[in-house]
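Undergrad: pasted the sequence and its predicted model underneath.
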Amino acid sequence: MLLSHNGKRAVLALGATQNGIRREPDVRLFRRASRMMPLIYNCDLEKKALERAKAYSETPQAPEGASENVFIFEGKRVLTDKKLADRVGICLFIEKIEQM
């Protein structure tokens, strides 16, 4: 998932991501993000994230010195398949970009 996510971020950083849903010739791209750094996997951080997820809060606040992306599934949707959860996460990330 990290490789796929970094791939999408790289396309965004290069300024090759379409801004919204438009047809030719009105297609516009997001600005380049030349300072966007790749994400790096951190096992300790994943453990902390899991602990935070288990201690669920309606209004989560990131721990000091960290930032988080939070998505709360509505209703009782629970994704137990890791690959499916990864795909859903990537799709939701892309959907947010397309809405900008």
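TA: Arrived safely, thanks for sending.

Undergrad: CA only for contacts and neighbour counts going forward, please
TA: Will do.

Undergrad: how about the helices in this protein?
TA: Using DSSP state H, the helices found in the chain span residues 2-13, 43-54, 82-99.

Undergrad: per-stretch mean pLDDT over those, give me the minimum one.
TA: When those are compared by mean pLDDT, helix 82-99 comes last with a mean of 75.

Undergrad: so that helix versus helix 2-13, what angle?
TA: 10 degrees (axes from the mean of the first three to the mean of the last three CA atoms, to 10 degrees).

Undergrad: buried ones in helix 82-99, by neighbour count?
TA: Residues of helix 82-99 classed as buried: D86, I90, F93 (neighbour count, 16 or more other CA atoms under 10 Å).

Undergrad: just the CA coordinates for it, please, in PDB.
TA: Taking Å, rounded to 0.1, in the frame of the first residue of the first chain, the C-alpha atoms of helix 82-99 are listed here in PDB:
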ATOM      1  CA  LYS A  82      -6.300  -5.900   4.700                       C
ATOM      2  CA  LYS A  83      -5.900  -5.600   1.000                       C
ATOM      3  CA  LEU A  84      -9.500  -4.400   0.600                       C
ATOM      4  CA  ALA A  85      -9.000  -1.800   3.400                       C
ATOM      5  CA  ASP A  86      -5.800  -0.600   1.700                       C
ATOM      6  CA  ARG A  87      -7.700  -0.200  -1.600                       C
ATOM      7  CA  VAL A  88     -10.500   1.700   0.100                       C
ATOM      8  CA  GLY A  89      -8.000   4.000   1.800                       C
ATOM      9  CA  ILE A  90      -6.300   4.800  -1.500                       C
ATOM     10  CA  CYS A  91      -9.600   5.300  -3.300                       C
ATOM     11  CA  LEU A  92     -10.800   7.700  -0.600                       C
ATOM     12  CA  PHE A  93      -7.600   9.600  -0.800                       C
ATOM     13  CA  ILE A  94      -7.900  10.000  -4.500                       C
ATOM     14  CA  GLU A  95     -11.600  10.900  -4.200                       C
ATOM     15  CA  LYS A  96     -10.600  13.800  -1.800                       C
ATOM     16  CA  ILE A  97      -8.100  15.100  -4.300                       C
ATOM     17  CA  GLU A  98     -10.600  14.900  -7.200                       C
ATOM     18  CA  GLN A  99     -13.100  16.900  -5.100                       C
END
